[in-house]
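Asks: coordinates for the following, if possible.
(one chain, ligands or ions: 1)
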Amino acid sequence: MNPGFRCPNCREPLIEHPSEYVCDTGHHFDRAKEGYVNLLPGGRLKGRPAGDDDAMVRARRTVFDAGLYRPIIDAVADTARERTVGTPTPAILDCGCGEGAYLARASAVAGGSGWGVDISKAAVRTAARRHRDLHLAVASSYALPFDDGLFDVAISVFSPRPYAEMVRVLADGGSAIVVRPGPDHLAELKALIYADPRQHRDPQVADDPDDADNDDAEGWPSKPSAVRVVGYTLDLGDAALRLALLEMTPFWWSATAAHRAAVAERARSVTVDMRLAVFRSSDGSADDL
Ligand SMILES: [Zn+2]
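Replies: Sure, this is the predicted structure:
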């Protein structure tokens with residue numbers, strides 16, 4: 001079955017027209033000139049942040065274009081391909097796609113169609129400009145605008161990972177690929193900003209209930225069917241890159257002008273430590289293989 005967006009109001013399929021999407025009930029959603037559609041009711045969800053702003057999206061673009069995250073982008077793409085061998089045109093969803101780097105690579109490498117949602121309009125607009133072949137919507141991962149069982153792969157990279165929603169839209173036998181920070185991720189940046197930098201707990205060992213990043217850990221099996229560690233050291237040759245890396249992290253909000261200056265001057269070598277976990281969906285749940 002080919003994926004397609006469904007109406008966030010009545011759940012009927014949305015029919016694509018040149019300038020809008022329309023459901024049978026008559027709800028209309030404008031298609032932006034870049035090609036994406038905004039399906040977020042009221043433009044913003046109560047109690048949740050509106051997502052990454054323009055500056056954060058630009059910072060991430062800078063970091064990705066410099067190739068700093070290429071190993072994890074490739075690891076996600078290779079995993080998507082391995083998990084869809086034998087499927088002619090796998091449907092790949094990115095929950096929290098940002099500016100589209102992971103999704104574009106994964107759908108290209110797996111030879112599939114790429115579908116992405118993010119609550120940040122700035123991020124989706126940037127993704128749509130750069131990746132015309134992706135199907136993109138401003139929407140929440142907590143209310144994915146899709147019918148059940150459509151996707152062969154659902155990705156969540158440093159993004160919300162609502163278990164029930166991701167499992168709902170996965171086809172039987174489909175795979176969820178979830179990337180979380182490992183214990184040493186960006187340790188040198190943290191050390192320059194926090195007096196007592198707390199390590200990220202290893203997300204595959206134990207989820208830390210005090211960590212706000214883990215507020216949607218519930219439901220995921222404690223043991224994924226596969227875990228891959230992606231670790232390497234970034235050599236950050238210039239201050240602009242060091243600041244861009246800082247700006248794309250949550251540490252940015254805690255950083256004073258003095259912290260930023262310290263990062264610009266001293267964050268020359270920074271550790272990347274990520275955990276890529278794969279869960280296989282069967283009968284409406286994600287189990288170990
Ligand atoms: Zn509708």
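Asks: how far out from the middle of the chain is the longest strand along the chain?
Replies: Using DSSP state E, we find that the single longest strand of the chain is strand 269-282. When distances are taken as CA atoms, centre = their mean, to the nearest Å, strand 269-282 is centred 12 Å away from the chain's centroid.
Asks: partner strands of that strand and their direction?
Replies: When pairs are called by DSSP bridges, strand 269-282 turns out to pair with strand 170-181 (antiparallel), strand 226-235 (antiparallel), strand 285-287 (antiparallel).
Asks: can I get the second one as PDB, trimmed to CA atoms?
Replies: This points to strand 226-235. C-alpha atoms of strand 226-235 as PDB (Å, rounded to 0.1, in the frame of the first residue of the first chain):
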ATOM      1  CA  ALA A 226      20.000  -4.800  17.300                       C
ATOM      2  CA  VAL A 227      22.200  -2.000  18.700                       C
ATOM      3  CA  ARG A 228      25.000  -0.300  16.900                       C
ATOM      4  CA  VAL A 229      27.400   2.100  18.600                       C
ATOM      5  CA  VAL A 230      28.400   5.000  16.400                       C
ATOM      6  CA  GLY A 231      31.400   6.700  18.000                       C
ATOM      7  CA  TYR A 232      34.100   9.000  16.600                       C
ATOM      8  CA  THR A 233      35.900  12.200  17.400                       C
ATOM      9  CA  LEU A 234      35.100  15.500  15.600                       C
ATOM     10  CA  ASP A 235      38.000  17.700  14.700                       C
END
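Asks: give me the buried positions along that strand.
Replies: 226, 228, 230, 234 (16 or more other CB atoms under 10 Å). Using the backbone N, CA and C atoms, a C-beta is placed for each residue, glycine as well.
Asks: who's in contact with it?
Replies: 68, 71-72, 75, 79, 179, 182, 184, 204, 245, 268-278, 289 (CB atoms under 8 Å, 6 or more residues apart in numbering).
Asks: pLDDT score for the nearest residue to residue 255 once chain neighbours are set aside?
Replies: The shortest distance from residue 255 to any non-neighbouring residue, by CB to CB, 6 or more residues apart in numbering, is to residue 193 (5.3 Å). According to the prediction, residue 193 has pLDDT 92.
Asks: surely residue 262 and residue 192 touch.
Replies: Yes: using CB atoms under 8 Å, residue 262 is in contact with residue 192, at 4.8 Å.
Asks: do I have it right that the residue nearest to residue 255 meets residue 254?
Replies: Yes: in this structure, residue 193 is within contact of residue 254 by CB under 8 Å, at 5.8 Å.
Asks: so for the two, which residue has more residues nearby?
Replies: More crowded of residue 193 and residue 254, by other CB atoms under 10 Å: residue 193, with 21 against 11.
Asks: low pLDDT regions in the protein?
Replies: Residue ranges of the chain with pLDDT under 70: 1, 42-50, 197-217, 283-289.
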